[in-house]
Every structure is written in C-alpha cells, then in structure tokens.
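Chemist: model this:
(one chain, ligands or ions: 3)
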Amino acid sequence: MNSLTIRRPDDWHLHLRDGAMLEGVVGDTARHFARAIIMPNLVPPVVTAADAEAYRSRIMAALPAGARFTPLMTLYLTETTDPQDMARAYESELITAVKLYPAGATTNSASGVRNFDNAMPALEKMAEIGLNLCVHGEVTAKDVDIFDREAVFIETVLDPLRRRLPELKVTMEHVTTRDGVDYIKSADKNLAGSLTTHHLIINRNDILVGGIRPHYYCLPVAKREEHRKALVAAAISGDLRFFLGTDSAPHVDPAKECGCGCAGIYTAPNTMSCLAHVFENEGALDRLETFASLNGPAWYGLQPNEETITLVKRDEPIAYPARIETGAGPVTVFDPKFPLHWDVLA
Ligand SMILES: NC(=O)N[C@@H](CC(=O)O)C(=O)O
Ligand SMILES: [Zn+2]
Ligand SMILES: [Zn+2]
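Modeler: Numbering: from 1, shown residues only. Ligands and ions are numbered 1, 2, ... in the order given. This is a model prediction of the structure:
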C-alpha cells in the first residue's frame, strides 16, 4: 500500500504552552490534527473556567491563518477545585476533561493533588455529570523506583479510586507499561488509555546507551523493550479503549540539554509519519485510522472528523526539521532513528 486516506486524526493529549512557544508550535499540530485535548499545566496552571476560556482565546489567536483546529480544553485538578465552576464549564462545553497530576509527578505539577480526600468533592461531581478525568499515572514517593511508578500508581491510587467511584470515567494517559495495558483491558467500563507516538518507538536503552540523550527523556520514562512491545500490540489491536495522545511536550533545547533537563518530547511535526511507519511494520496500516481518528472521539462522546488526510509513501525519506525555531528558543523534533517515508498531504 502506497497511499492511505483516513479521517482527520485528533490528539487526545497535547502540550501547547503559552506565549511565544504557543505561537511557535501550534501550527505543527493544526496542520494534521482537527482537535486536541490541551493540557493545563501552565505556570500558573489552568484551574478555573475563566482560566480555560482565556487560554482557549490565546490558542485561537495563535493559530496560523486558515487553520481549522479546535482546542479541547481541560482544567487542572487541585485540592481546592470548585465543583460548581467545573460543572458549569463542562455543561457550557468549554471543557472536555479534567486533568489529575499527582503533586510533583511531572513538569509543572507542583499544584497537583497530594491528598485525594480533598479532591473528592470535585471527583464525585465529575462522576455524577460524566466529566472525564485524565490522569498522569505515576506515584511520586521517593522510595518508589522511577521505572515502577506507573505500576505502583495503578495498584495504590488508580484502582482504589475507581473502586471508590466506579462511575468516574478515567483516561489513563501516556501508558508506558504492560501493567497499564493489562489493567485497562481488565476493566469492563469507564477506563481507557492513551498511547504516545514516542513510547511506541523508544525504550529505555534509547535514553541511556552510548551516552545520555535528553531528547528521549519524558515522563513517564520509557521502559523496557517488552513494555514497548505491549504498547504497540495495544495500539494496533483495534481495541476501542486505546487511542492516540501524542503528549507532544515542547521545551527549549537549553532546558533539556543541561545538568537537570526537563521531561518532554516534541513529536507534533512528524507524529503521523512515525505512526504510519510503526503500523506498516506491524502489518496494521488498516488500523491506523481506528487508533488515531476513531477510538478517541468515541471515548469522549464526540463524532469522528468528516475531513480526511492522505498519507503517501515516498521512495526517498521525507525531510523534516531536526529542530524548529520558536520565539522562545529552538525546540528539537523527535528523531525516531529510522528514515520516515510516509508523507502527510493534509
Ligand atoms: N510528558 C512529559 O515528559 N512532560 C510533560 C508533562 C507530562 O505529560 O507528564 C510536559 O509538560 O513537559
Ligand atoms: Zn503526564
Ligand atoms: Zn503530557
């Protein structure tokens, strides 16, 4: 197959940042994607409906002329989130989901939840009105090894929370382990998982072998090869509970290439080319649309996009920039370490 036309994809987990960075990156996503769930981990975070409304306006203003892109907004759950403000934001279709960061788990998560009891009024309201909780699924306890933090989160936080509130709809975001895949498959309702592009491609060796490679560092950190394989199997399975959330997370190069580099990988420019490569390798190109364009909207109760994109396989590798220049500084683009031949005619 040398050409593939699919419904226009959506990105169910995206960081657009703000200001000059927002202006520098939003076009890369809008080129291929119709919608994206926009992460609220700005500094300060997007906590109230008013914050989300103002941020949405800034995103719309930063879009390149002629772009047809809809940001789906989220609120950052804190221990003092006002359930009424949140419910109104959902009922007026301003927000699509609420995001849970365990405090300290990842980039800009200091305002996240420490004591779940304090977040219960908001979580109970969400379960009542059908508002989706998106979770960064890692524990933060110092004594838990970083490679075990997702599995321990499932056992000690996520499963107890889901038992306490069975009606709460939860998206376990950027799943990186077989444990995560198995846990999602074991649930009969109200649980789904997003998978990033880069976790389908890299394992922990890519970060550490032959020298430390900061542009492959993200959270949750990439795990062993057996976990990567479990993620690929889930992505190509067609199982309705797995869909694309790229977690494209730009940081300027100086913030990554330093003594304490930030977590986050910027994949927006070449995500669809990378995914076509992965799915083709697995003999599963016919399921790329399910993963990138159908399962996500179904989970969020939205219609799939009517528009399409066409991917064409070129004989020569396609060109894409190694880094982009933004007003905030240069941002390195994800290098899958294999040539990309699938070109997107958007
Ligand atoms: N994925 C990352 O490594 N970083 C994200 C935060 C997140 O999604 O955890 C970021 O905001 O940079
Ligand atoms: Zn995260
Ligand atoms: Zn993220």
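
Chemist: How about the stretch 1-150 of the chain: which residue is closest to ligand 2?
Modeler: Of all residues in the stretch 1-150 of the chain, residue 136 sits closest to ligand 2, at 3.6 Å by Cβ to the ion. Where you see a C-beta, it was placed from the backbone N, CA and C, and this is true even at glycine.

Chemist: Can you give me every residue that contacts that residue?
Modeler: For residue 136, the contacting residues are 99-102, 105-106, 109, 173-174, 219-220, by Cβ atoms under 8 Å, 6 or more residues apart in numbering.

Chemist: Would you list the buried entries among the residues you listed?
Modeler: Neighbour-count burial (16 or more other Cβ atoms under 10 Å) applied to those gives 99-102, 105-106, 109, 173-174, 219-220.

Chemist: could I get the residues you listed as a markdown table with secondary structure?
Modeler: Shown next, in a markdown table, are the buried ones among the contacts of residue 136 (DSSP: H, G, I helix; E, B strand; the rest coil):
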| residue | secondary structure |
| --- | --- |
| 99 | strand |
| 100 | strand |
| 101 | coil |
| 102 | strand |
| 105 | coil |
| 106 | coil |
| 109 | coil |
| 173 | coil |
| 174 | coil |
| 219 | coil |
| 220 | coil |
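
Chemist: which one of the residues you listed is nearest residue 283?
Modeler: Nearest to residue 283 among those: residue 174, at 25.1 Å, using Cβ to Cβ.

Chemist: For the stretch 1-150 of the chain, what lies in contact range of ligand 1?
Modeler: 15, 41, 106-107, 136 (Cβ under 6 Å from any ligand atom).

Chemist: ignore the last one, the stretch 151-300 of the chain
Modeler: Checking the stretch 151-300 of the chain against ligand 1 by Cβ under 6 Å from any ligand atom, the hits are 218-219, 247, 249, 263-264.

Chemist: mind redoing it with 8 Å?
Modeler: Contact residues (Cβ under 8 Å from any ligand atom) of the stretch 151-300 of the chain with ligand 1: 173-174, 196, 217-220, 247, 249-251, 262-265.

Chemist: I'd like to know which of the residues of the stretch 1-150 of the chain next to ligand 1 are part of strands.
Modeler: Among these, no residue falls in strands (DSSP state E).

Chemist: need those in JSON lines with pLDDT and distance to residue 154, can you?
Modeler: Formatted as JSON lines, these follow (pLDDT from 0 to 100; distance: Cβ to Cβ, whole Å):
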{"residue": "15", "pLDDT": "98", "distance to residue 154": "23"}
{"residue": "41", "pLDDT": "98", "distance to residue 154": "21"}
{"residue": "106", "pLDDT": "88", "distance to residue 154": "17"}
{"residue": "107", "pLDDT": "88", "distance to residue 154": "21"}
{"residue": "136", "pLDDT": "98", "distance to residue 154": "13"}
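
Chemist: Throw these into CSV and include distance to residue 274, thanks.
Modeler: CSV is the format used below for these (distance: Cβ to Cβ, whole Å):
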residue, distance to residue 274
15, 17
41, 24
106, 22
107, 22
136, 22
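
Chemist: Next one: residue 149 from residue 140, what distance?
Modeler: 8 Å (Cβ to Cβ, to the nearest Å).

Chemist: tally of neighbours for residue 267?
Modeler: Neighbours of residue 267 under the rule other Cβ atoms under 10 Å: 27.

Chemist: Renumber starting at 26 from here on
Modeler: With the count now opening at 26, the last piece we talked about shows up as residue 292.

Chemist: Return the residues in contact with it.
Modeler: 221-223, 271-273, 299, 358-359.

Chemist: In terms of pLDDT, where does the closest residue to residue 128 other than its chain neighbours sit?
Modeler: Closest residue to residue 128 in three dimensions, ignoring its sequence neighbours and counting by Cβ to Cβ, 6 or more residues apart in numbering: residue 137, at 4.0 Å. At residue 137, the pLDDT value in this model is 94.

Chemist: what's near enough to touch residue 137?
Modeler: 101-103, 125-130.

Chemist: how far away is it from residue 49?
Modeler: According to Cβ to Cβ, residue 137 and residue 49 sit 26 Å apart.

Chemist: go on, residue 158?
Modeler: Shown here: residue 158 relative to residue 49, a distance of 30 Å by Cβ to Cβ.

Chemist: so can I have TSV of the contacts of residue 292 showing secondary structure?
Modeler: Shown next, in TSV, are the contacts of residue 292 (three-state DSSP):
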residue	secondary structure
221	coil
222	coil
223	helix
271	coil
272	coil
273	strand
299	helix
358	coil
359	coil
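
Chemist: now the closest residue to residue 289 other than its chain neighbours: how far from residue 243?
Modeler: Distances taken as Cβ to Cβ, 6+ apart place residue 274 nearest to residue 289, at 3.1 Å, with adjacent residues excluded. Using Cβ to Cβ, residue 274 is found at 7 Å from residue 243.

Chemist: Mutual contacts of those two, please.
Modeler: 288-290.

Chemist: Filter the residues you listed down to the buried ones, ChimeraX style.
Modeler: Per 16+ other Cβ under 10 Å, the buried members of the shared contacts of residue 274 and residue 243 correspond to this ChimeraX selection:
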select :288,289,290
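
Chemist: re the thing from before, what residues are up against the residue nearest to residue 289?
Modeler: If you count contacts by Cβ under 8 Å, 6+ apart, residue 274 has them with 40, 132, 243, 288-291.
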